[in-house]
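everything below, folded, please.
(4 chains)
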There are 2 protein chains.
Amino acid sequence: MATSARTDGYQKTSVPTKNRILDAAETLFVEKGFAATSLRAIADLASVNLAATHYHFGSKEGLLAATIHRRVEPINKSRLEKLNCLEAESTPDMKSVVRSYLEPVIESMTGTLPSLIARLYGEPESVSRPLLEREFGAVFDRYIVALQRALPKAEESELRWLFHFSIGAMIHMLNFPSPPSMPPDALTREEAFARLESFILAGLTQGMEAELDAKVELS
Amino acid sequence: MATSARTDGYQKTSVPTKNRILDAAETLFVEKGFAATSLRAIADLASVNLAATHYHFGSKEGLLAATIHRRVEPINKSRLEKLNCLEAESTPDMKSVVRSYLEPVIESMTGTLPSLIARLYGEPESVSRPLLEREFGAVFDRYIVALQRALPKAEESELRWLFHFSIGAMIHMLNFPSPPSMPPDALTREEAFARLESFILAGLTQGMEAELDAKVELS
DNA sequence: GTCTATATTGGGATAGAC
DNA sequence: GTCTATCCCAATATAGAC
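Numbers count the residues shown, from 1 in each chain, chains lettered A, B, ... in the order given. The predicted model follows:
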């Protein structure tokens, strides 16, 4: 009761300093980008002393890495769980694989975190590449394996490219939730993601499923 | 004689100051991002005095806008020319429309400029949105019209979403020329773009062309 | 683990001579 | 239109008291 329940103005002492900093950093990184955000602004928004940011994260880059990791880790964990679960029963089709990749993003979509990932992808390679490789490299490889199983006719390298494009479409939608000259709330996030899913599915399977269908027709 | 012919270290007086600044700004914006690049660094690389940047472009934002515009304008001009040219003969199919959108990007791909566009898309909305609307808004709308003609069964709003995704895939490929854990030179730019084109084409047409084929089969 | 205070560096912008 | 010099402010980071 008492003190622990107060929420004056902003965050409170009930939330650990470290998390308050992470929350504030996330908000501002999304809003203004990494380079354009100062540690001072983060400390202010978090109602924390400037020195605390250095105490907890060492440097601005360290804070960025921690901010990213806090959000990405559960998403990737959820992806891999879903995928393993799918494969436990039988070889999943493309649609299930794609969905298992997208769903955790939709589920985690309370506010800023998708944009955070999107923003990271927009940073210069010198900043983003190492972080992205660390956070997403293994998951990417894992999905390539799953996609190969679902689409045995495709070459691995081709799937890598197509999945690469798919991620690009997703990132772009996270960054710009709606197309130009369209109101941001024209579609709900779920509806927009449904569109994205079918776009990706069509792009990934290309003519390859059509061939399959054709053979079915012939038989 | 003497002074006018010297080429000490970097660019020369033969290139107008304004262009030297633009060249340097483009290089550094691509490399480090907008916020992380200082006007001082730009002036140094251009072998120009710092004050010259303000004289010619007013502010850092003004310089960004000019840098973007210099590259985007010819690309968009080329797109619209190609598109108008296509439509002069007959109603172009999806593939031609998509190609007319991508080709100018490939052709302009001497070095940094694709990454410049990609970087702009990665900037926070407050920076990127106004610039992007100004530079690409009309072209986007124009392409929606062309796509509708090529695919009359599709709704306009759906095409807007799908084209939105397509641009996302393209931007992402400009930003990351190759998929994770793949050498950057695995494919030539042209080959990579060919992959991208078929990915986009499949995603845009979705099942809609398949329906058409089915009807053809039935008739 | 949190504060104040400060060291140190670099940023954008401008004034005014040439 | 280009230079030098400078204003003024903000940045990251750290030292040291509590």
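
next structured bit after the helix or strand that contains residue A:21?
Here residue A:21, judged by DSSP states H and E, is contained in helix A:17-32. Following helix A:17-32 in sequence order, the next helix or strand is helix A:39-45 (DSSP H and E).

pull the residues that contact the helix holding residue A:21.
Under the contact criterion C-beta atoms under 8 Å, 6 or more residues apart in numbering or on different chains, helix A:17-32 has outside partners A:11, A:15, A:37, A:41-43, A:45-48, A:52-53, A:56-57, A:63-64, A:66-67, A:70-71, A:112-113, A:115-116, A:119, B:35, B:124, B:126. C-beta coordinates here come from the backbone N, C-alpha and C atoms, glycine included.

do that again at 6 Å, thanks
Contact with helix A:17-32 is made by A:11, A:37, A:41-42, A:45-46, A:48, A:52-53, A:56, A:63, A:67, A:70, A:112, A:115-116, A:119, B:124, as judged by C-beta atoms under 6 Å, 6 or more residues apart in numbering or on different chains.

what is the neighbour count of the closest residue to DNA strand D within chain A?
With C-beta to the nearest atom of the strand, the shortest gap between chain A and DNA strand D falls at residue A:38, namely 3.0 Å. Summarising burial for residue A:38: neighbours were counted as other C-beta atoms under 10 Å in any protein chain shown, giving 13.

what does the one 3 residues further on give?
Residue A:41 is surrounded by 16 other residues when neighbours are defined as other C-beta under 10 Å.

distance of it relative to residue A:21?
12 Å (C-beta to C-beta, to the nearest Å).

residue A:120 too?
For residue A:120 relative to residue A:21 (C-beta to C-beta), the value is 18 Å.

with residue A:91 instead?
44 Å.

also residue A:48?
As for residue A:48, its distance to residue A:21 is 6 Å (criterion: C-beta to C-beta).

of those two, which one has the most company?
The neighbour comparison of residue A:48 against residue A:21 (other C-beta under 10 Å) goes to residue A:21, with 26 against 19.

show me what counts as buried in the strand or helix carrying residue A:85.
Residue A:85 belongs to helix A:60-89 when elements are defined using DSSP H and E. With burial defined by 16 or more other C-beta atoms under 10 Å in any protein chain shown, the residues of helix A:60-89 counted as buried are A:60, A:63-68, A:70-72, A:75-76, A:78-80, A:82-83, A:86-87.

go on, stretch A:30-50?
A:30-37, A:39, A:41-43, A:45-48.

got it, and stretch A:105-123?
In terms of neighbour count (16+ other C-beta under 10 Å), stretch A:105-123 has its buried residues at A:105-106, A:108, A:112-123.

tell me how far it lies from the chain's centre.
The gap between where stretch A:105-123 is centred and where its chain is centred comes out at 5 Å by C-alpha atoms, centre = their mean, to the nearest Å.

then stretch A:92-108?
Centroid separation for stretch A:92-108 versus its chain: 12 Å, with C-alpha atoms, centre = their mean.

can you tell me how far the closest residue to residue A:177 other than its chain neighbours is from DNA strand C?
Nearest residue to residue A:177, sequence neighbours excluded (C-beta to C-beta, 6 or more residues apart in numbering or on different chains): residue A:184, at 5.6 Å. Between residue A:184 and DNA strand C the distance is 29 Å, computed by C-beta to the nearest atom of the strand, to the nearest Å.

which of the three states applies to residue A:184?
The three-state label for residue A:184, taken from DSSP: H, G, I helix; E, B strand; the rest coil, comes out as coil.

tally of neighbours for it?
The tally of other residues near residue A:184 (other C-beta under 10 Å) stands at 8.

from memory it sits against residue A:178, does it?
Yes. Contact status for residue A:184 versus residue A:178: in contact at 4.9 Å, counting by C-beta atoms under 6 Å.

for the buried residues of stretch A:30-50, which two are the farthest from each other?
A:35 and A:47 (23.6 Å; C-beta to C-beta).

re the thing from before, what about the helix holding residue A:85 and DNA strand D, touching?
Yes. If you take C-beta under 7 Å from any atom of the strand as the test, helix A:60-89 does meet DNA strand D, through A:60, A:61.

tell me what that helix is packed against?
Applying 3 or more C-beta pairs under 6 Å, 6 or more residues apart in numbering or on different chains; DSSP states H and E, we find helix A:60-89 packed against helix A:17-32, helix A:94-107, helix A:113-122, helix A:125-150.

in CSV: those helices, plus distance to DNA strand C.
Formatted as CSV, the helices and strands packed on helix A:60-89 follow (distance: least, C-beta to the nearest atom of the strand, whole Å):
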stretch, distance to DNA strand C
helix A:17-32, 4
helix A:94-107, 31
helix A:113-122, 19
helix A:125-150, 16
